[in-house]
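1. need a 3D model of the sequence below.
(one chain, ligands or ions: 2)
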Amino acid sequence: MKHLLKMLDLSTDEIIEILNLADQLKYELKHGIPHPHLKGKTLGMIFQKASTRTRVSFETGMYQLGGYPLFLSSNDLQIGRGEPVQDTARVLSRYLDGIMIRTFEQKEVEDLAKYGSIPIINGLTDFCHPCQVLADLMTIREFKGSFDGLKMCFIGDGNNMANSLIVGCLKVGMKVSIACPDDYQPPKEILDFAAQYGDKFDMTNSPVQAAKGADVLITDVWASMGQEGEAEKRRKAFAGYQINDELMAQANDGAMVLHCLPAHREEEITEKVFEAHANEIFEEAENRLHAQKAVMVKLMAK
Ligand code: CP
Ligand code: NVA
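-> Numbering: from 1, shown residues only. Ligands and ions are numbered 1, 2, ... in the order given. Down below sits the predicted model:
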């Protein structure tokens, strides 16, 4: 494993190794055991979109590993004025030991990896959000003990979160059901991948059908970053694609609810369900720190 660009690139073994290391790093942090695996290393963090969790967890995580994080806003970099990614990648590779990037196009992340010579970590693109899904898998295993026999149900937009959850959950052996409106399905590349898993994957436009027998229910905002101009249209298209009490009644007893955050209460999830599952949702947010530290150690501690 040289980079973390998308879940499609990871083998099941690589995912499990990251989760095991994340559990260990979480244990060590809670017990005051230092783990300076990245002493003297630097991570550049390029943000072309807003962030609370990704920025703070990478920055803190790098510090806890003994390294140094640099926050690089695209407003200040020449990349924001049109310097090609190929050149940025080759220059930054000479200063840094790794780059985390949050941007729009997946191609930009893939190009950084292609032209640079240091590990690249995808901190969210319009196509996927692998760091979030590693934290989600860590949280599911932490609460449920294992992935065996579990069903994950995603309700809403076939977006970056849906794409990464479909791939990640299928790779660790879970069943996956997704409910989305016809015009907001995940891209063909993801549906083709999922098709290999036969009846372990299904897609419907009925949230009730998707939630039947689910052990983990997950949703995300109806309008992602960059889609703010379509918010009203999306609000109409996604009416009914909400995690609420009625939907929870379809799920298995003790079903978990996760949300990558930020959440829009009374849109994709009711305040009541959100607060009833707040312990899971905020553990999930915390696990971003541990899962990303594991990724950085795997990629950069050489
Ligand atoms: N879930 C997530 O990636 O949060 P931020 O946008 O705050 O980083
Ligand atoms: N789908 C959301 C996820 C935010 C963490 C977005 O891209 O804005």
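
2. when you work out contacts or count neighbours from here on, use the C-alpha atoms and nothing else.
-> Noted.

3. helices of the stretch 51-200 of the chain, start to end?
-> Using DSSP state H, counting those that start in this stretch, the helices of the stretch 51-200 of the chain run over 53-64, 85-92, 106-115, 130-144, 160-171, 188-195.

4. got a list of what residue 130 touches?
-> Going by CA atoms under 8 Å, 6 or more residues apart in numbering, residue 130 touches 4, 5, 6, 7, 122, 123, 124, 164.

5. nearest spatial neighbour of residue 71, skipping sequence neighbours?
-> Leaving aside its sequence neighbours, residue 71 sits nearest to residue 45 (CA to CA, 6 or more residues apart in numbering; 5.0 Å).

6. contacts for the strand or helix carrying the one you found next, please.
-> Using DSSP states H and E, residue 45 sits in strand 42-47. By CA under 8 Å, 6+ apart, the list of residues contacting strand 42-47 from outside reads 55, 62, 67-74, 96-103.

7. cool, stretch 282-302 as well?
-> Residues outside stretch 282-302 that contact it (CA under 8 Å, 6+ apart): 1-4, 18-19, 21-23, 25-26, 37-38, 53-54, 57-58, 60-62, 65, 97-98, 119, 131-132, 134-136, 138-139, 258, 260-261.

8. what about burial for those residues, which qualify?
-> The neighbour count (16 or more other CA atoms under 10 Å) marks 3-4, 18-19, 21-23, 25-26, 37-38, 53-54, 57-58, 61-62, 65, 97-98, 119, 131-132, 134-136, 138-139, 258, 260-261 as buried among those.

9. write out the residues of the stretch 51-200 of the chain neighbouring ligand 1.
-> 51, 52, 53, 54, 55 (CA under 6 Å from any ligand atom).

10. which stretches in the stretch 101-250 of the chain count as strands?
-> 120-122, 151-155, 175-179, 201-204, 216-219 (DSSP state E, counting those that start in this stretch).

11. the third one pairs with which strands, parallel or anti?
-> The reference is to strand 175-179. strand 151-155 (parallel), strand 201-204 (parallel) (DSSP bridges).

12. likewise for the last one?
-> For strand 216-219, the paired strands and their directions (DSSP bridges) read strand 151-155 (parallel), strand 256-259 (parallel).

13. for ligand 2, find the nearest of those strands.
-> Proximity to ligand 2, assessed across the strands paired with strand 216-219 by CA to the nearest ligand atom, is greatest for strand 256-259 (9.0 Å).
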